[in-house]
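1. Quick one, fold the following:
(2 chains)
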Amino acid sequence: MKTQISNGRVIDPASNIDSHLDLFIDEDKIVAISDYYDGFAADQIIDASGLIICPGLVDLCARLREPGQEHTATIDSETQAAAKGGITSLCVPPNTDPIIDSPAVVELIEDRAKKAGRTMVYTIGALTQKLEGKLLSEMMALKQAGCIGISNGLSPIKNSLVLRRAMEYAATLDFTLFINATDPWLQAQGCVHEGMVSTRLGLGGIAEAAETIAVSRDLLLIEQTGVRAHFHNLSTAKAVAMIQQAQQHGLNVTADVSAHHLHLSEHDIGNYDSLSHVMPPLRSTRDRDQLQQGLRDGVISAICSNHQPLDNDAKQGPFAQTKPGISGLETLLSLTMKLVDDGEISLKQAVANLTCNPATILNIDAGQLKVGGSADICIINPAAHNECQPQQFVSSGKNSPFTGWLFNHEVSHTLFNGKLVYQKDSD
Amino acid sequence: MTNNQLTENGQLRHFLTIEGLKRPLLTEIMDRAEQFSSIGNRQVKKVPLLRGKTIMNLFFENSTRTRTTFELAAKRLSADVISLNISTSATSKGESLLDTLHNLEAMHTDMFVVRHNQSGAAEFIAQHVAPHVSVINAGDGCHAHPTQAMLDMFTIRRHKQHFPDLRVAIIGDILHSRVARSQIQALSTLGVGEIRVIGPKTLLPADCQTLGVHVYHDLDEGLRDVDVIMTLRLQNERMQGALLPSAREYFQCFGLTEEKLKLAKADAIVLHPGPINRGVEIASTVADGPQSVILEQVTHGIAIRMAVMTMALGSQAEEGVL
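-> Residues are numbered from 1 along each chain as shown, chains lettered A, B, ... in the order given. As a prediction, the model looks like this:
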C-alpha cells in the first residue's frame, strides 16, 4: 500500500520543517518528504489542501480503564478516541486494576492495544508494590516487559525514605520517574482549589502548598539520587517557578500540563459543575496564566490530555462526592491549538508540545516526520470552526466541561503505521 | 451565572442560597413572615394556604430545630408533610441520591425541604427535580442555610430599624459554617454598613475578605461598637482536626462573656443559631441575658419558613385569608 499526502503544509518542529511538501508513504514507513518522488505510484492520495500535516501526537497521560473498569471504557473504545484525537502514541499510568506492577499486566495491555491497532500504547509501571508506597516493585522485570517509565500514579509516597530508595533504584535502572506531586495530608479534605471559590461554595479547599511541598521535597531527592524525573500535570504558578529554578541549576527534570489546566480556572466550577471537578484542582486565573507562561518559557515542555473517561453516574451527585476527571483525548489538539488562536503560543511550539517534546521525555522514536521513520501522522484542519459536543465523543467518557466551545482546529485524518485509522466524515 | 432559584418573572421557585437574590425579594420574605408571625398566637394556629400540597422534609443529616420548625410551618399552612430521616434508611441500603429523589418525586410531592451534609446537594437536587417541584435548602454542607439567615435578618429587623446604619459582627467557625455564609450574603444584600468576622485563622476560610467582610482575629477589637453580635456553634469535632487546642482555650479567646459584651454598643443584641454550647462559644449569662434574642429567633423561624414555602409554591398570602 502506497500513500501520498499532497498539497498540505508540513509542520515538524523536530526537523525544523514548515513548508508545503508532499509525504510519500510505503507500507508503514515514510519514504520521502519532498515536492515529488520519482516513480511513486500511489494507491491512495490524501488531498491535504488547506490542511496542516504534522507528526502523530504523543500523549503522556491517558487512562484507558482496562483492565479493571471495562464497564467505564476499554482499550478498544479509547484507542478509537485517541485516533480521532490525532494521537498515535500514548502512555498509561499504573493505576489500572490490577495495577501495572507485574509483567503480565503490561503484556495484557500491549496485546489488547496491538489488537486494536490504532495507536501505540506505552505503559508506566508501578514504583511500589500495589502503589502502597511501602515496598519496591520489581522494576527490572517491568522494564524488560516493556514499561517506558515508572510512577506511583495518584498515590503519593508519604514515607520520604521509601521515596528516596525508590528513586535510587529507578536511577540504577535508568528508568524515568513520573511524578504527580501532591501532599496527601494537605489534599485529603479538599476537592477544589483553596481560594475564592472554595470559600463561596463551602467546598473543601486544596491549598497551593499541597503541590509545592511535594514538588520541593521531590526536587531535593531527585537532586540527591540523580534519577531522571518528569512532573505530570502541574497546576500552580509556584510549582512552575520551582521547576524552572531546578532546571536552571542543571537538574534533569521536565514537566507537563493538562490541556484543561491551560484554559480553565476555579471560576469555571460556577455552581458546582462536577464536569470541572479534576485533580489536581483547577486553580486561580493567575495560576492558569503562569502555566501558559511556563509553556512559553519551555519550563513545561509538553501538553497532555490527562484523559479520564467516566460514566455519567460518576459525575452525578453533590460536587465533593463526584469523581474527578475529564475525558480529554478528543479535545487535546483543539485546546492546544486554541492557545495559538489566542496568541499565547506559536503554531510551531504548539505542535512541538504535542509531538517531539513528549517523545523526547519518553525517549521514544516518535513525534517526528523523517524518511525511514514510522508513518504516524496527524492531519489538521485549521479552519474547522467546530462546536465541541462531548455527547458525540467516540470515547466512552462524555465527561467534558467544554460543551459549546468553538474550536478552529480539528483533526481531519490520523495515520498510524501508514494505515488510515481516522478520517473526519466529509459531511 | 444563571439563577435557577427564580422563575422567569423573578418569583421564587426554589430557595437554595441567598447569593444572587435581590434586596426587594429578601424584604418581601420578611414582610410576609411578619404577616404570618401572629398565627402562632391564635387559638387555631392554621391557615389553608397550602391545603392539598405535599411537602417532604428530606433530612440526610440530623436536626431537631430546623426540621421541627419546617414541619410546623407546613402544618400551619395546612399542607400534608412527611419528614424522612434518610441517613438511616435509603442511602444506607446503597441507593443513590438521585434514585431516592426520583422515587419520592413519583409520590407527587410538591416541595422538598432538604438538609444534606454535602455542599451543593440542594443545588444538585433542584437541578434534577421535575419542573413543578420546589426545593428549599435547609442546610447543605458548609455552603448555605438561607432560611436561618432570613430568620436572623427578621429578628434583627424587629429590633433595629435601618440595616445600612448597622455594624454586625459574626464570631467563630466561619470556615465550616453554612449559617455564616448565608448571613454574610443576606447582610450585604440588605446593605448593612459593616460586616465583621471574628475568629482564629484556622476557622476562617481562605480569601475570607472576598465575601465582603472585615476580618478580625481579636475579639475585643472586633466587638467594639457593634450593634449586632451573631455567635456560631462550635462543633466538638473541630478539636480533633488540629483546628483548635481545646474548648477552654477557645472560650478564653473567642467566647462571648458579659465582660466582652460591654465592648459592643449598649443596646447590642446577641443571636445564635443553636444548639448552644454553653461555656464554649457563649457564656450562659449572655445567652440567657437581656440582650439575647436567641429564643425569639426560634419563634421567627416558623414564620420565615411559612413565608418561603408559600412564595415558592406560588400561593398568595392575601390579607383576607389570614
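2. What strand or helix carries the residue of the stretch 201-322 of chain B found nearest chain A?
-> Going by C-beta to the nearest C-beta, chain A is nearest to residue B:205 of the stretch 201-322 of chain B, at 3.9 Å. (Glycine included, C-beta is placed from N, CA and C.) Assigned by DSSP states H and E, residue B:205 falls within no helix or strand.
3. and the gap between the residue of the stretch 301-427 of chain A found nearest chain B and residue B:269?
-> Going by C-beta to the nearest C-beta, chain B is nearest to residue A:318 of the stretch 301-427 of chain A, at 3.4 Å. To residue B:269, residue A:318 is 35 Å away according to C-beta to C-beta, to the nearest Å.
4. Then residue A:194?
-> Applying C-beta to C-beta to residue A:194 and residue B:269 gives a distance of 34 Å.
5. Can you show me the strands along the stretch 301-427 of chain A?
-> Using DSSP state E, counting those that start in this stretch, the strands of the stretch 301-427 of chain A run over A:302-304, A:377-381, A:386-387, A:406-407, A:410-416, A:419-423.
6. swap in chain B?
-> For chain B, the strands defined by DSSP state E cover B:54-59, B:80-85, B:111-116, B:134-140, B:167-171, B:194-198, B:214-216, B:228-231, B:269-271.
7. still on that earlier bit, tell me the pLDDT of the residue of the stretch 201-322 of chain B closest to chain A.
-> Per-residue confidence (pLDDT) for residue B:205: 96.
8. Hmm, it is touching residue B:178, no?
-> No: applying C-beta atoms under 8 Å as the test, residue B:205 and residue B:178 come out as separate, 11.9 Å apart.
9. can you list the residues of chain B near chain A?
-> Applying C-beta under 8 Å from any C-beta of the partner chain, one finds that chain B approaches chain A through B:1, B:4, B:19, B:96-98, B:116, B:118-121, B:123-124, B:140-144, B:178, B:181, B:205-208, B:210-211.
10. just checking, residue A:336 touches residue A:305?
-> No: assessed by C-beta under 8 Å, residue A:336 is found out of contact with residue A:305, at 9.8 Å.
11. can you list residues touching both of those two?
-> Common neighbours of residue A:336 and residue A:305 (criterion: C-beta atoms under 8 Å, 6 or more residues apart in numbering or on different chains): residue A:259.
12. Which one's more surrounded, the two?
-> Taking neighbours as other C-beta atoms under 10 Å in any protein chain shown, residue A:336 and residue A:305 compare with residue A:305 leading, 30 against 23.
13. What is the burial count for the residue lying closest to that one once chain neighbours are set aside?
-> Spatial nearest neighbour of residue A:305, chain neighbours left out: residue A:328 (3.6 Å); criterion: C-beta to C-beta, 6 or more residues apart in numbering or on different chains. For residue A:328, the neighbour count with other C-beta under 10 Å is 29.
14. State the distance from the residue of the stretch 101-250 of chain A found nearest chain B to residue A:74.
-> Going by C-beta to the nearest C-beta, chain B is nearest to residue A:202 of the stretch 101-250 of chain A, at 3.4 Å. When distance is defined by C-beta to C-beta, residue A:202 is 38 Å away from residue A:74.
15. So between the two, which is more surrounded?
-> residue A:202 (23 against 19).
16. hang on, the more buried one packs against residue B:137?
-> No: counting by C-beta under 8 Å, residue A:202 does not reach residue B:137; the two are 11.7 Å apart.
17. For the residue of the stretch 301-427 of chain A closest to chain B, give me its contacts.
-> A:272, B:97, B:116, B:118, B:119, B:120, B:121, B:124, B:140, B:141.
18. which residue sits closest to it, ignoring its sequence neighbours?
-> Counting by C-beta to C-beta, 6+ apart, the residue nearest residue A:318 is residue B:118, at 3.4 Å.
19. One more: residue A:355?
-> Using C-beta to C-beta, 6+ apart, the closest residue to residue A:355 is residue A:367 (3.9 Å).
20. that older thread, just send the strands of the stretch 301-427 of chain A back as TSV, with distance to residue A:9, mean neighbour count and mean pLDDT too.
-> Formatted as TSV, the strands of the stretch 301-427 of chain A follow (distance: least, C-beta to C-beta, whole Å; neighbours: other C-beta atoms under 10 Å in any protein chain shown; pLDDT from 0 to 100):
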stretch	distance to residue A:9	mean neighbour count	mean pLDDT
strand A:302-304	21	28	98
strand A:377-381	9	25	98
strand A:386-387	19	14	94
strand A:406-407	19	16	97
strand A:410-416	13	24	97
strand A:419-423	19	18	96
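21. so can I have a markdown table of those showing distance to chain B?
-> Putting these into a markdown table (distance: least, C-beta to the nearest C-beta, whole Å) gives the following:
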| stretch | distance to chain B |
| --- | --- |
| strand A:302-304 | 28 |
| strand A:377-381 | 34 |
| strand A:386-387 | 20 |
| strand A:406-407 | 20 |
| strand A:410-416 | 29 |
| strand A:419-423 | 35 |
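22. Write out the residues of the stretch 101-250 of chain A neighbouring chain B.
-> Checking the stretch 101-250 of chain A against chain B by C-beta under 8 Å from any C-beta, the hits are A:194, A:195, A:196, A:198, A:199, A:200, A:201, A:202, A:203, A:205, A:207.
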